[in-house]
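>>> please find the sequence and the predicted model below.
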Amino acid sequence: MTVSVYGGIMMLELGPSGDVEYFFRCINYFVETPKKILLPLITDRLYKRYVVVEDFAELRENFVFIESIFKNTEVLSCDFEEYIVGEKDRRLNPKEPTLDLLFKTYFSSFKDCMKTAESTKENFGTYVPLIIGRDIVAPKFAVGKNDSKGEKIRERYDALEGNPLWWGA
């Protein structure tokens with residue numbers, strides 16, 4: 001199944017769950033661990049929960065920081081070949097020279113969905129937070145019907161421990 005990012009009324013495909021998992025592993029391995037810095041908005045909230053519009057400014061700063069490190073990280077240094085052995089339906093191109101180019105559609109998809117979430121909230125007074133979900137089904141349908149305030153989906157994602165709901169999609 002395909003994993004997508006949602007924000008406001010927009011949904012953009014990222015790819016198979018293994019590709020998306022690899023994105024977050026690269027953030028951990030090349031950004032958090034060597035820099036001794038934690039980015040919980042990315043590696044916890046975006047990875048397995050959701051990010052509300054009030055946190056988008058900080059999230060954008062995190063993405064700029066990650067992209068700056070990825071620009072100087074060669075794909076060949078990532079042991080990409082070992083990662084893709086035996087895996088089907090990969091969309092990531094191991095021939096890209098750097099991680100920022102390998103994941104450029106991810107960064108642009110996240111940014112586009114944040115803009116749409118902000119616009120939807122501003123224009124309609126409601127929005128879907130930035131969230132990663134499976135397939136072409138909106139996350140609220142994947143985890144159950146929301147009440148008028150969207151509490152059911154939030155409760156399920158807030159209580160989530162271990163792997164994200166989209167993992168293994």
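Perfect, thanks for sending it. Given the structure is predicted, the values throughout are model-derived calculations rather than measurements.
>>> A helix includes residue 12, no?
No: note on residue 12: no helix contains this position according to DSSP: H, G, I helix; E, B strand; the rest coil, which reports strand.
>>> correct me, but it touches residue 112?
Yes: shown here, residue 12 and residue 112 form a contact pair, counting by Cβ atoms under 8 Å, at 6.4 Å. Every residue, glycine included, has its C-beta placed from N, CA and C.
>>> what's the burial count for residue 165?
Applying other Cβ atoms under 10 Å, we find 18 other residues in the vicinity of residue 165.
>>> swap in residue 92?
Residue 92 has 22 neighbours, counted by other Cβ under 10 Å.
>>> so what's it closest to, chain neighbours aside?
Here the nearest residue to residue 92 in space, its sequence neighbours aside, is residue 19; by Cβ to Cβ, 6 or more residues apart in numbering that works out to 5.1 Å.
>>> neighbouring contacts of the helix or strand containing the one you found?
Remark: residue 19 resides in helix 17-27, with elements defined by DSSP states H and E. With Cβ atoms under 8 Å, 6 or more residues apart in numbering as the test, helix 17-27 has contacts from 1, 3, 14, 39, 42-43, 47, 66, 70, 73, 78, 83, 87, 90-92, 99, 103, 106, 132, 134, 166-169.
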